[in-house]
Structures are given as C-alpha cells and as structure tokens.
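Student: Give me a 3D structure for the following:
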Amino acid sequence: MDALRGFERLYAESGNAATWDRSVNLLAGECLGGGTVVNYCTSFRTPDDVRAEWAAAGVPWFTQDEYTRSLDACARALRQSGAQSHFGARAGCCSVDFYH
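Tutor: Numbering: from 1, shown residues only. Presented below is the predicted three-dimensional model:
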C-alpha cells in the first residue's frame, strides 16, 4: 500500500482532519484497531542501520548516546518488555489481504 492510500484508509478524513479553523492537523486512526494501528510504531526501537542512514543523510544526532538514552526512556515509559510477538501486525494484515 502506498502512503496516500494508507492515509485514505487508515486515518479520519483521509488524514486531513483538523480543528474547526484548520490551524492544527489531527492524525486520528479510523480503521479496525484505530489508534493502535496508527500509533503502534512507538513500540519499536529505531534499528541501528536506519539510525546510521539518517546520520549519513545529515542528522548525526541519531547515532549519538543522547538518542539512545531517549529510546531507553521511551521504552521504560511504555513498559516495553523486549519480548517479540510471534504474530506481528504485518502478518495479520497479510492474512486478511490488507496490503493488496
């Protein structure tokens, strides 16, 4: 699924929801699973290879200790266990032909 189609299918008002005066955009999940589907990425640490890629693109902060400490703080706040599910979101979506 490309990004535009994802916005159309996953977000309220196709990703264009906003306050009445349009001064603040609101990304609100509007699909089976709602906010969990939309916000689940907060549960993943940024992989080291992605951090290196972002640093090479001009944002070296992603490979610094401060960013690692920030990830650690988020993991503690979200009470991440480090355990991995044997049935991930992608597998679930593929099982119901969501990506096609």
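Student: Which helix runs longest in the protein?
Tutor: Determined from DSSP state H, the single longest helix within the chain is helix 65-77.
Student: Other residues contacting that one?
Tutor: Contacts with helix 65-77, where a contact means CB atoms under 8 Å, 6 or more residues apart in numbering, come from 42, 45-46, 51, 61. Any C-beta I mention is one placed from the backbone N, CA and C, and that applies to glycine too.
Student: from these, which ones fall inside strands?
Tutor: Applying DSSP state E to the contacts of helix 65-77, no entry is found in strands.
Student: Check for me that Arg5 belongs to a strand.
Tutor: No. Assessed with DSSP: H, G, I helix; E, B strand; the rest coil, Arg5 is helix; it does not lie in a strand.
Student: How much space separates it from Thr19?
Tutor: Arg5 sits 25 Å away from Thr19, going by CB to CB, to the nearest Å.
Student: Which positions in the longest helix of the chain come out as buried?
Tutor: Neighbour-count burial for helix 65-77, counted by 16 or more other CB atoms under 10 Å, picks out 67, 75.
Student: Could you work out the most separated pair of the contacts of helix 65-77?
Tutor: Using CB to CB, those span at most 18.8 Å, a distance reached by Thr42 and Trp61.
Student: Excluding sequence neighbours, find me the nearest residue to Gly15.
Tutor: Nearest non-adjacent residue to Gly15, counting by CB to CB, 6 or more residues apart in numbering: Phe7, 3.5 Å away.
Student: Count the residues that sit near that neighbour.
Tutor: 15 (other CB atoms under 10 Å).
Student: Verify the contact between it and Ser14 for me.
Tutor: Yes. Under the criterion of CB atoms under 8 Å, Phe7 makes contact with Ser14 at 5.6 Å.
Student: Let me know the helix or strand that the residue in the chain sticking out farthest from the centre is in.
Tutor: Going by CA atoms, centre = their mean, the residue of the chain most distant from its centre is Asp21, 26.9 Å out. Assigned by DSSP states H and E, Asp21 belongs to neither a helix nor a strand.
Student: tell me the pLDDT at it?
Tutor: If you check Asp21, the pLDDT there is 92.
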